[in-house]
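Asks: what follows is a predicted structure for the sequence shown.
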Amino acid sequence: MRLNALSAGVEAPTLCFSGAIHSVFHQACNVSLESDALLTLVSSEKGNLSQGIRLRTPSQFTFLNQLRVGQPVACRGGILRISGSNLSVDLRTASLWHIDLKGLRVDLHQRDTAQAWVVAWLELKKHRRGNGMSAIIAATPVSRQYPVTSSGMKTFVERAVQTVPALIDATRNLQIDSAITVFRTLIGLGPGLTPSGDDFIVGYLAGLWSTAGSDPPRLRFMSSVGAWLFQAAAGTNAISRTYIKSAVNGNVSEPIATLAQRFWKTKSMDSVREATRTALQVGHTSGTDGVLGLLLGCIVWSSPSSLYFSRPQRLLRTLLTPHHSQVDIG
């Protein structure tokens, strides 16, 4: 069976590479490359990835029927072949996919942008899916608002509640060492195929890149923290490591990137709502954790005089109250 590639992310190789099947799922499979990076093949129903190739797949197609872990993979002349499988992929048909977060200028001082942020936040609060980082939305205080059934989960939620305000504070004040200390506690933290802390980091970096603009101090902060995260990502699994390294360079998956793009150029609140719901549906906890990170990353460098944005502890306490229905964005 030969499939044609629909699109290839900006970080995905398409001409000549070798590797082996790393992991296989219904609508995706990961290829471990000789460069130690991961390439992800996804079916046409899935969104684009910066390190992924989206394929035109027939109805009912599943990678589980075609591939197994460990099979050698080689691409020569734009044709990808898998040893021991009749599946091949023509990568020459792929169009480039890339949403440049560094080129966005998300500004919450703009009325439409601020309204779009609030719409997305309220969608996140209604979603409340899984038990990842996004569980902190209903976790204030943990003992009364969140049904914690194990000491491990209680520790995770408590750490999340304590960590996020500290990260916002360190980032807003461009305190590199303090931010690194917080990031260190998040890497590999929590449940999920990609741990919740990792998904949050990816979304958070997307929010920062979307709002950094051309401000030199912010860009220096991103460069320094990014260099540390690129190395520290070795502390989590291969899939998360790939996503974090991509996010350091301003590259994230299509659902998160599209939502950030909607903040920048808001056509309608319905389009923002739709983009938020799409992003929230990714995985079991990955979508909610990534959206949470994006939303909080977007507010970090807002006006210091703003009532909530200048006070991370108050901001989180206000936003995470289960019955909260409005956000004063100054």
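Replies: All right, it came through fine. Everything numeric here is computed off the predicted structure, so don't read it as measured data.
Asks: show me where the chain dips below the pLDDT cut-off.
Replies: Judged by pLDDT under 70, the chain has its weakly predicted residues at 128-162, 303-330.
Asks: and if we set it to 80?
Replies: Counting by pLDDT under 80, the low-confidence segments of the chain come to 127-162, 190-192, 302-330.
Asks: which stretches of it form strands?
Replies: For the chain, strands defined by DSSP state E occupy the ranges 2-9, 17-24, 28-33, 38-42, 52-55, 72-76, 79-82, 88-90, 95-97.
Asks: closest one to residue 286 among those?
Replies: When the strands of the chain are ranked by proximity to residue 286, the top entry is strand 28-33, at 12.2 Å, counting by CB to CB. Placement of C-beta: from N, CA and C, glycine included.
Asks: dump the strands of the chain into TSV; add distance to residue 216 as well.
Replies: Written out in TSV, the entries for the strands of the chain read as follows (distance: least, CB to CB, whole Å):
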stretch	distance to residue 216
strand 2-9	29
strand 17-24	36
strand 28-33	35
strand 38-42	33
strand 52-55	32
strand 72-76	40
strand 79-82	42
strand 88-90	43
strand 95-97	29
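Asks: next, format these as JSON lines and append distance to residue 208 and mean neighbour count.
Replies: Formatted as JSON lines, the entries for the strands of the chain read as follows, by distance: least, CB to CB, whole Å; neighbours: other CB atoms under 10 Å:
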{"stretch": "strand 2-9", "distance to residue 208": "20", "mean neighbour count": "20"}
{"stretch": "strand 17-24", "distance to residue 208": "29", "mean neighbour count": "19"}
{"stretch": "strand 28-33", "distance to residue 208": "26", "mean neighbour count": "21"}
{"stretch": "strand 38-42", "distance to residue 208": "23", "mean neighbour count": "25"}
{"stretch": "strand 52-55", "distance to residue 208": "22", "mean neighbour count": "26"}
{"stretch": "strand 72-76", "distance to residue 208": "34", "mean neighbour count": "16"}
{"stretch": "strand 79-82", "distance to residue 208": "34", "mean neighbour count": "19"}
{"stretch": "strand 88-90", "distance to residue 208": "34", "mean neighbour count": "18"}
{"stretch": "strand 95-97", "distance to residue 208": "22", "mean neighbour count": "13"}
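Asks: tell me which of the ones you listed lies nearest to residue 197.
Replies: Nearest to residue 197, of all those, is strand 38-42, at 18.9 Å by CB to CB.
Asks: any residues touching the closest one, and which ones?
Replies: Residues lying outside strand 38-42 but in contact with it, judged by CB atoms under 8 Å, 6 or more residues apart in numbering, are 12-13, 17, 19, 22, 27-33, 48-49, 51-55, 63, 89, 238-239, 241-242.
Asks: go on, stretch 207-214?
Replies: Among residues not part of stretch 207-214, those counted as contacts by CB under 8 Å, 6+ apart are 101-102, 104-108, 171, 218-219, 222, 250, 260, 263-264, 293-301.
Asks: about what we covered before: out of the strands of the chain, the one nearest residue 283 is which?
Replies: Distances from residue 283 to each of the strands of the chain were compared using CB to CB; the shortest belongs to strand 28-33, at 10.6 Å.
Asks: picking that back up, identify whichever of the strands of the chain lies nearest to residue 181.
Replies: Taking CB to CB as the criterion, residue 181 comes closest to strand 38-42 out of these, the separation being 27.7 Å.
Asks: so what strands line up beside that closest one?
Replies: strand 28-33 (antiparallel), strand 52-55 (parallel) (DSSP bridges).
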